[in-house]
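Enquirer: the following comprises the amino acid sequence and a computationally predicted model.
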Amino acid sequence: MTHGMPYPVRRFLDLSSGHLSAETWAWLDAQTTEAAVRGLGPDAQAVLAGRMRHGWFVYADAEPGETVPGDLAAVLRHARKLGCEYVLLDADAPPLADLPILHPDFAEAHESQGGTAKAEAQADRAGEAATCST
């Protein structure tokens, strides 16, 4: 996808990692070890992902495999629905009202700050938080 550019430009969704459960965080950490990245067969990565300082950068496969946790699969499908090829799951990114907050650390903060109303206000301030970045 070139978006009218003479060279390839890809889009990504900048999304709060709070939309994933603690179990999925652990699963993504296991997916991004050197052994998983370099592994073949059953030891290979189930998703194309890289570990970042405060999250993960994940390829948004249109059809996540059966081993991909349901919350991550929902995020990847949501990203594709918005036209994004990748998702940057970041602890500092604003949450989206379209997706539930699943991580307990984020859920407590989300509730104490007014829940969905707070998320919508953050999305408004972020401008295009609910759309992909290029």
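Expert: Cool, the structure landed.

Enquirer: on the three-state scheme, the residue nearest to Val37 when sequence neighbours are not counted is what?
Expert: Ranked by CB to CB, 6 or more residues apart in numbering and with sequence neighbours excluded, the top spatial neighbour of Val37 is Gln45, at 6.1 Å. Where you see a C-beta, it was placed from the backbone N, CA and C, and this is true even at glycine. Three-state assignment for Gln45 (DSSP: H, G, I helix; E, B strand; the rest coil): coil.

Enquirer: can you check Leu88 too?
Expert: strand.

Enquirer: so what's the residue count around it?
Expert: For Leu88, the neighbour count with other CB atoms under 10 Å is 19.

Enquirer: which residues touch it?
Expert: Taking CB atoms under 8 Å, 6 or more residues apart in numbering as the contact definition, Leu88 lies against 12-15, 52, 55-57, 133.

Enquirer: which outside residues touch stretch 33-47?
Expert: So stretch 33-47 is in contact with 28, 30-32, 58-59, 61, 64-65, 67-68, 72, 76, going by CB under 8 Å, 6+ apart.
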